[in-house]
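Asks: With the input below, show me the fold.
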Amino acid sequence: MGNDRSIHRTLIVRILATALVIAFALMALVLWVELRNVNIKVADQATVAVERLRLSILHHLDAPGLGDHDQIRQTLEKPLAVKIRPSEGYFVFVRIFDPSFREVARVSDPAYAHIKAVTDYVATGMDNDALRERGVWSRASRLEGTLVIHQGAVLRNSAGDPAGYVEGVYAVSPGFLSKARYQAFVIAAIASLIVLLTALLLYPVINRLLGRVAGLSEDLLHANMEVLNVLGSAIAKRDNDTDIHNYRVTIYSIRLGQEAGLSDGEMRSLIKGAFLHDVGKIGIRDNILLKPGNLTESEFKEMKQHVRHGLDIVGRSAWLKDAAPVVGGHHEKYDGSGYLEGKNGSDIPKVARIFAVADVFDALTSKRPYKEAMGFEESMKILDKGRGSHFDPEILDAFARIAPGLYDAYAGRDDSGPRDDLRRMGVPYFFKRNVQAAE
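Replies: Okay, the predicted model is just below:
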């Protein structure tokens with residue numbers, strides 16, 4: 001149940017985070033497009049105003065030399081004399097040029113609050129070459145906090161021939177601009193809300209699918225754990241031992257790994273390796289594996305090959321291959337006198353150094369066909385004799401802190417309790433990995 005809640009919580013957080021990222025990205029995109037459309041709309045209004053101006057002086061454009069210049073100026077002044085201004089904006093400065101860019105008429109709105117800034121701005125000039133080549137030129141700028149469109153256009157007569165040029169500064173109404181921006185924000189907010197609502201609607205569907213995946217993952221996990229159980233039990237039975245040893249030594253390893261601060265990945269490697277540490281004994285002949293007395297030198301040489309056999313076995317499985325550090329290193333000794341490779345110190349994987357302590361402790365405190373179980377104090381003294389030679393001193397110190405509780409809880413037990421405890425202690429490390437994979 002706790003794992004299900006963890007998965008659902010993770011799912012909700014991920015869906016919400018993804019939806020928010022998409023919503024904000026979409027909002028930014030929509031806002032950019034809408035504000036760009038506002039600028040286009042303003043530029044179009046300025047273009048329409050220029051066309052109205054052209055039509056109002058069309059008969060002068062048909063006349064030689066642009067006709068009566070005073071009448072052109074009077075025509076330009078008429079809109080500025082009207083006190084009611086269009087809500088979108090209007091031209092606050094206009095100049096008419098002949099084909100050689102000689103000024104014919106000029107008007108400006110003295111009532112406009114920023115007219116001086118406009119006059120200074122116009123003095124910087126416009127791109128006459130671009131205007132002559134393309135027939136239109138414009139740029140948008142902010143003057144004292146107000147948006148203006150500086151625009152130039154060719155003035156054509158009734159025959160469609162160029163007769164002159166017009167330059168104007170179109171001041172956009174602040175109210176129109178605020179309204180347009182507000183509408184852009186509203187559209188962007190609606191688009192973002194749609195994304196969030198869609199994510200909420202999809203959650204039940206994704207949750208059901210994830211539930212199925214989680215169920216399959218958990219089934220696969222239990223199947224893999226059964227593989228550990230079967231392999232570990234098989235070699236224990238063949239070695240005239242009970243599989244409960246694997247459970248006890250794995251529990252000791254888990255608690256010592258936690259005390260030593262192993263990561264989750266290292267814990268998974270330790271658990272698998274502890275359960276399968278002697279799996280390679282499957283490849284050892286019975287007359288050697290089951291020999292009651294001491295082994296000869298050649299027999300012991302063959303017995304040591306169970307480590308190599310174990311590495312071959314776990315190496316064939318993608319799920320079991322991270323057991324290799326323990327399977328391959330559980331007979332190494334801290335001073336380098338172990339086998340197979342004679343590694344020493346920190347060259348021995350930490351998980352193998354941890355397992356070595358747990359394995360010997362269980363062997364000392366357990367009854368075997370050839371020996372009785374030792375007491376706690378005696379077992380700890382034997383472990384301490386191996387400090388720096390067989391065992392890593394730091395690992396041994398960590399074990400000493402937890403050994404009394406482990407001895408009281410598990411030493412010599414052969415009931416089902418260790419099996420249940422191992423499942424409770426070990427499975428979360430593997431299920432956590434499944435949850436991360438599902439994420």
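Asks: going forward, measure contacts between C-alpha atoms and count neighbours the same way
Replies: Will do.
Asks: three-state assignment of Y112?
Replies: coil (DSSP: H, G, I helix; E, B strand; the rest coil).
Asks: and it, what are its phi and psi?
Replies: Note on Y112: its backbone torsions stand at phi -70, psi 130 [degrees, to the nearest 10].
Asks: Not counting its neighbours along the chain, what's nearest it?
Replies: Nearest non-adjacent residue to Y112, counting by Cα to Cα, 6 or more residues apart in numbering: V92, 6.9 Å away.
Asks: With S158 instead?
Replies: The spatially closest residue to S158, leaving aside those adjacent along the chain, is D62, at 6.5 Å (Cα to Cα, 6+ apart).
Asks: these two touch, right, that neighbour and D161?
Replies: No. Using Cα atoms under 8 Å, D62 is not in contact with D161; the gap is 9.4 Å.
Asks: Looking at these two, which is more packed in?
Replies: D62 (17 against 12; other Cα atoms under 10 Å).
Asks: show me what contacts that one?
Replies: With contact taken as Cα atoms under 8 Å, 6 or more residues apart in numbering, D62 is in contact with N157, S158, A163.
Asks: ranges for the helices of the stretch 201-350 of the chain?
Replies: With helices called from DSSP state H, counting those that start in this stretch, the stretch 201-350 of the chain shows them at 244-259, 264-275, 286-289, 297-303, 306-315, 324-329, 350-365.
Asks: Who are the packing partners of the fifth one?
Replies: Pointing back at helix 306-315 there. Judged by 3 or more Cα pairs under 8 Å, 6 or more residues apart in numbering; DSSP states H and E, the packing partners of helix 306-315 are helix 324-329.
Asks: How about the first one?
Replies: With contacts defined as 3+ Cα pairs under 8 Å, 6+ apart, the packing partners of helix 244-259 are helix 264-275, helix 350-365, helix 393-410, helix 417-438.
Asks: Alpha carbons of the third one, as CSV, please.
Replies: By that I understand helix 393-410. Listed next in CSV are the C-alpha coordinates belonging to helix 393-410 (Å, rounded to 0.1, in the frame of the first residue of the first chain):
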residue,chain,number,x,y,z
PRO,A,393,38.9,-2.7,10.7
GLU,A,394,36.3,-0.1,9.9
ILE,A,395,33.8,-2.6,8.9
LEU,A,396,34.5,-4.7,12.0
ASP,A,397,33.9,-1.6,14.2
ALA,A,398,30.6,-0.9,12.5
PHE,A,399,29.6,-4.6,13.0
ALA,A,400,30.5,-4.4,16.7
ARG,A,401,27.9,-1.7,17.1
ILE,A,402,25.0,-3.8,15.8
ALA,A,403,26.2,-7.4,16.6
PRO,A,404,24.5,-7.8,20.0
GLY,A,405,21.1,-7.1,18.6
LEU,A,406,21.6,-9.3,15.6
TYR,A,407,22.9,-12.2,17.7
ASP,A,408,19.9,-12.0,20.0
ALA,A,409,17.4,-11.8,17.1
TYR,A,410,18.8,-14.4,14.7
